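K.L.:
predicted model and sequence follow; I will ask about them next.
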Amino acid sequence: MPACAVRPAAPFGDPSPQTCLQVAGEAALFAIIAADDAMAAVCRSRSGSTAHLEAAMHEAHREATEAARHADRAEQYADDPEMPASALAYCARKAVDHAVRAQAAAGAETTAVGLRTELDRVLTPAEQAERESTRRREEAEHEAEQRAATGMDHDNRQHAASNRYLAERHVAELGWTTGHLRVMEAAATGRLYWHDRRARLAPQHGQWTGGRRISQERTRALYAARFLITTARTADGARVLAPSPMGRVALELARLHQTALHDTDQAAYEARFARVRRRHKRRDDQKAAARRLPELDASASKLYRHPVTLAEQQALADREATERWEGEDGYCPAVRTPRPTATPTPARPVPPAARTGQQQAVQPALW
């Protein structure tokens, strides 16, 4: 699947990508200098036998070539966001190893050994926190760029990528033409109906007379294969057609991979015939099977997920909030319901009997 992701974080204690690139570059430079020194030693030699110097020169040259190759690979990995940071650390360590061997073969001081301390150094908590902060910032920036480009969040982008993979795998198996796709698109509008053995696209919803003609053969084939279903019947016998659940998935996949659709009905028939052709079957049975449209693979229907854009999510949230507000008679939990101001209740006069300590019957209230 296509992916656009931020580089996975390096394990705790691993050097940063910048450190790996710097160390790999320095290691390659040390190895090249050692190889040049070995070649210079051969040129300066005045003795008759220079076999050991030439062997050292060739060995240093081989190690320098390997060190440079790993440094170049580290740069390539740095440009690939899918490559984990541990791959850069591996290239840097290999470049250092070859640089050390190149210096040893040339008889020079192995200064490249000191580069290993940069790779093996354990990061301090402050450096680790800074790296984590940088990684999160890069992820946030990358997510913002992807949302602006696609209009979808991460999960729905994954759904869209998975749907493209399903389309590339299953659309060709449908044996559709572009005409079948147009019939399904007409049915998706909710205005496709069947009346008097003809398929038409109604001018508007509820008006099941007249309208543009739709291919009768393709509509029958899609209905027989259960890509279309009847959703309503009118008083005059017209049947309103709409995509079935399987038909909706097939329609979306066909839209994603229209290059797998055939240009003519004959080409589509030949492709279906090639799929159903069997030696043990009668010729007439094979032709009849090729004339029928195969159903969409059940796994594609199960794995398909409709991606929802950010705008659609916001519209849905606004609609649900409005319905909830209307269902609660406009009540908003964040706003307190105003109450009438409290007025002092006048004190009731004390009955004479209470003042004198005598008991008196209590009259029950009428309200």
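P.N.:
Right, received. Where do you want to start?
K.L.:
what mean pLDDT does stretch 223-238 get?
P.N.:
The average pLDDT within stretch 223-238 is 92.
K.L.:
same thing with stretch 17-29?
P.N.:
On average, stretch 17-29 scores 91.
K.L.:
let the chain start at 522 from now.
P.N.:
Taking 522 as the first residue, the last one we looked at is stretch 538-550.
K.L.:
and it, how far out from the chain's middle?
P.N.:
Here the centre of stretch 538-550 is set off from its chain's centre by 33 Å, with Cα atoms, centre = their mean, to the nearest Å.
K.L.:
mind listing what's buried in it?
P.N.:
Residues of stretch 538-550 classed as buried: 538, 540, 541, 542, 543, 544, 545, 546, 547, 548, 549, 550 (neighbour count, 16 or more other Cβ atoms under 10 Å). For the C-beta atoms, the positions are set from N, CA and C on the backbone; glycine is no exception.
K.L.:
ok, which pair from those residues is furthest apart?
P.N.:
538 and 550 (18.8 Å; Cβ to Cβ).
K.L.:
just the buried residues of stretch 538-550 now: which is nearest residue 579?
P.N.:
Nearest member of these to residue 579, counting by Cβ to Cβ, is residue 549, at 18.1 Å.
K.L.:
and the closest residue to that closest one other than its chain neighbours, what element?
P.N.:
Excluding its sequence neighbours, the residue lying closest to residue 549 (Cβ to Cβ, 6 or more residues apart in numbering) is residue 592, at 3.9 Å. Assigning secondary structure by DSSP states H and E places residue 592 in helix 572-599.
K.L.:
for that helix, packing partners?
P.N.:
Here helix 572-599 touches helix 538-565, helix 606-627, going by 3 or more Cβ pairs under 8 Å, 6 or more residues apart in numbering; DSSP states H and E.
K.L.:
just the angle between that helix and helix 538-565, please?
P.N.:
Angle between the axes of helix 572-599 and helix 538-565 is 160 degrees (criterion: axes from the mean of the first three to the mean of the last three Cα atoms, to 10 degrees).
K.L.:
buried sites along helix 572-599?
P.N.:
574, 577-578, 580-589, 591-592, 594-595, 598-599.
K.L.:
which secondary structure element contains residue 743?
P.N.:
Applying DSSP H and E, one finds residue 743 within helix 737-745.
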